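K.L.:
Just the structure for this:
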Amino acid sequence: MPAGAALKAIPWKRVLAVAQIVLARFSEDIPKKDRSRLGALLKKSKGDPRRLTVAERREIVRIVRQVDVAKLGRDVGALLALARSGRLLKR
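P.N.:
Numbers count the residues shown, from 1 in each chain. Just a heads-up that it's a prediction; the model follows:
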């Protein structure tokens with residue numbers, strides 16, 4: 001399968017819907033101050049954790065651990081169940 005066809009095969013509506021759920025969960029579970037700090041650390045790292053100190057990497061882990069993973073999983077699972085049933089996110 002050519003690369004372009006593989007990209008077209010991805011259910012982008014579902015990917016975006018899951019991303020919205022993840023962002024909503026972050027904004028509900030992580031205080032604004034921590035979200036801002038997380039953004040600054042991620043920007044500083046430019047995607048490379050080696051650009052951060054050990055303390056900064058620990059800070060990222062501390063912030064991300066605030067997310068209620070169980071609730072996030074239920075939210076995403078419910079969305080995907082609706083998508084599989086054909087009642088939501090039709091292509």
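K.L.:
contacts, neighbours, all on C-alpha from now
P.N.:
OK.
K.L.:
And the contacts of stretch 72-79?
P.N.:
With C-alpha atoms under 8 Å, 6 or more residues apart in numbering as the contact definition, stretch 72-79 has outside contacts at Ala17, Val18, Ile21, Val22, Arg25.
K.L.:
I'd like to know which of these are buried.
P.N.:
Judged by neighbour count, with 16 or more other C-alpha atoms under 10 Å as the criterion, the buried members of the contacts of stretch 72-79 are Val18, Ile21, Val22, Arg25.
K.L.:
Alpha carbons of the helix or strand hosting Phe26, in CSV - could you do that?
P.N.:
In this assignment (DSSP states H and E), Phe26 forms part of helix 12-29. Provided in CSV are the C-alpha atoms of helix 12-29 (Å, rounded to 0.1, in the frame of the first residue of the first chain):
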residue,chain,number,x,y,z
TRP,A,12,-9.2,10.8,10.9
LYS,A,13,-12.5,11.7,12.4
ARG,A,14,-12.0,9.1,15.1
VAL,A,15,-8.4,10.2,15.7
LEU,A,16,-9.5,13.8,16.2
ALA,A,17,-12.4,12.8,18.5
VAL,A,18,-10.0,10.8,20.7
ALA,A,19,-7.6,13.8,20.7
GLN,A,20,-10.5,16.0,21.9
ILE,A,21,-11.3,13.6,24.7
VAL,A,22,-7.6,13.6,25.8
LEU,A,23,-7.4,17.4,25.8
ALA,A,24,-10.6,17.7,27.7
ARG,A,25,-9.3,15.2,30.3
PHE,A,26,-6.0,17.1,30.6
SER,A,27,-7.9,20.4,31.1
GLU,A,28,-10.2,18.9,33.8
ASP,A,29,-7.5,16.9,35.7
